[in-house]
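Engineer: A predicted structure for the sequence below; I have some questions about it.
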2 protein chains.
Amino acid sequence: MKTYLQKFKCLGDETRIRILRLLLISKEELCVCEIVDALEIPVYTISKHLKELKNAGLISEKREGKFIFYSLTKTDDAFFESILSAVSSIPGEFFKTNKEALKKRLKLRENGACVIGMKQ
Amino acid sequence: MKTYLQKFKCLGDETRIRILRLLLISKEELCVCEIVDALEIPVYTISKHLKELKNAGLISEKREGKFIFYSLTKTDDAFFESILSAVSSIPGEFFKTNKEALKKRLKLRENGACVIGMKQ
DNA sequence: AATACATTTGCAAATTAGTGCAAATGAGTA
DNA sequence: TACTCATTTGCACTAATTTGCAAATGTATT
């Protein structure tokens, strides 16, 4: 039961919803610095929320050199699918700015990988 | 955005999940005292959680004489459907006891309405 | 090894949420 | 009006969450 509650709790925070939505939009893994730039929220805040999302099993991480990439956990669990579907149902207008910032940021990738770091 | 977050936050509490699940199982409105008996949680706690669920727009209330009945809000909103579907996806084993207690309690209704009150 | 940079962590302060009890409300009934 | 009973509320208390900053970690580069 705890695992279900933990997932729901994760979804009760705006930053975490924005992170999930970003991962849903991009359909691929995102580097921490890309998420930071897209959401314009301090790194350490993002980092802590990413940790929670990971603990809840919603996202997975993968290190590639200096960068750490996060992606939605792959699973065919009905519960997980439903909550992702709920996140997708939130109107796009709320994420417009984030989506555009992400798009811009992703253009700076080389060979599909993040190469620049944080906008200082 | 706030309304979506509020709904998710509501789902992050075990008592509220149990209440929702009860309403999903019974497919009909339930009186506060029936919920209390089914969950074996103090009335005032249930009452406060019901208030939160109502504020979040997840459930609706209806008074009938001495009794107040709660039911899932009727809507065809995609977001709402998804979260209900998530709640339904939680394995039934977690709710077995509650479900049985509710069944017993509902047998005490007369003409489909709650007539007894609280087990003191 | 020394430096640079991406990311995480530990800790304190601020905020928010949950629980328990006693008292209040509101409807029905005598 | 007084009384009973279902339900809610106010308040005090405790527990959990969030945030900000500075320091730490880990990897790559020179």
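Structural biologist: Ah, there it is. Fair warning: this is a prediction, and the values are worked out from it, not measured in the lab.
Engineer: Sketch out the low-pLDDT regions of chain A for me.
Structural biologist: Under the criterion pLDDT under 70, the flagged ranges of chain A are A:119-120.
Engineer: Could you check how far the closest residue to DNA strand D within it is from chain B?
Structural biologist: Closest residue of chain A to DNA strand D, CB to the nearest atom of the strand: A:Gly65 (3.7 Å). Yep, even glycine has a C-beta here, placed from its N, CA and C like the rest. Computed as CB to the nearest CB, to the nearest Å, the A:Gly65 to chain B distance reads 35 Å.
Engineer: now do A:Ser85
Structural biologist: Using CB to the nearest CB, we find A:Ser85 at a distance of 4 Å from chain B.
Engineer: do the same with A:Leu5
Structural biologist: Applying CB to the nearest CB to A:Leu5 and chain B gives a distance of 6 Å.
Engineer: Which secondary structure element is home to that residue?
Structural biologist: helix A:2-10 (DSSP states H and E).
Engineer: A:Val113 reaches A:Glu64, doesn't it?
Structural biologist: Not quite, residue A:113 is Ala, not Val. Yes: under the criterion of CB atoms under 8 Å, A:Ala113 makes contact with A:Glu64 at 6.9 Å.
Engineer: Show me what from chain A comes close to DNA strand D.
Structural biologist: A:9, A:12-13, A:15, A:42, A:44-45, A:48-49, A:52, A:63, A:65-66 (CB under 7 Å from any atom of the strand).
Engineer: What ranges does chain A have for its strands?
Structural biologist: For chain A, the strands defined by DSSP state E occupy A:30-31, A:59-64, A:67-72.
Engineer: For A:Leu5, which of those is the nearest?
Structural biologist: Taking CB to CB, strand A:59-64 is the member of the strands of chain A nearest to A:Leu5, at 17.5 Å.
Engineer: Can you report how many residues neighbour the residue of chain A closest to DNA strand D?
Structural biologist: 8 (other CB atoms under 10 Å in any protein chain shown).
Engineer: A:Glu64 too?
Structural biologist: Neighbourhood size, A:Glu64 [other CB under 10 Å]: 11.
Engineer: Return the residues in contact with it.
Structural biologist: Shown in contact with A:Glu64 (CB atoms under 8 Å, 6 or more residues apart in numbering or on different chains): A:Ala113.
Engineer: List the beta-bridge partners for it.
Structural biologist: A:Phe67 (DSSP bridges).
Engineer: Tell me how many other residues crowd the closest residue to A:Val43 other than its chain neighbours.
Structural biologist: With sequence-adjacent residues excluded and distances taken as CB to CB, 6 or more residues apart in numbering or on different chains, A:Val43 is closest to A:Val36, at 5.3 Å. As a burial measure, A:Val36 scores 21 neighbours (other CB under 10 Å).
Engineer: how close does A:Asp77 sit to B:Val43?
Structural biologist: 35 Å (CB to CB, to the nearest Å).
Engineer: what comes into contact with the helix holding A:Leu5?
Structural biologist: Everything outside helix A:2-10 that qualifies as a contact, by CB under 8 Å, 6+ apart, is A:16, A:52-53, A:55-58, A:79-80, A:83, B:8-9, B:11-14, B:17, B:86, B:90.
Engineer: Could you export it as CSV, CA atoms only?
Structural biologist: What follows is helix A:2-10, C-alpha atoms only, in CSV (Å, rounded to 0.1, in the frame of the first residue of the first chain):
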residue,chain,number,x,y,z
LYS,A,2,2.8,2.3,0.9
THR,A,3,4.2,2.2,-2.6
TYR,A,4,0.9,3.4,-4.0
LEU,A,5,0.6,6.2,-1.5
GLN,A,6,4.1,7.3,-2.2
LYS,A,7,3.4,7.6,-5.9
PHE,A,8,0.3,9.7,-5.2
LYS,A,9,2.2,11.9,-2.8
CYS,A,10,4.8,12.5,-5.4
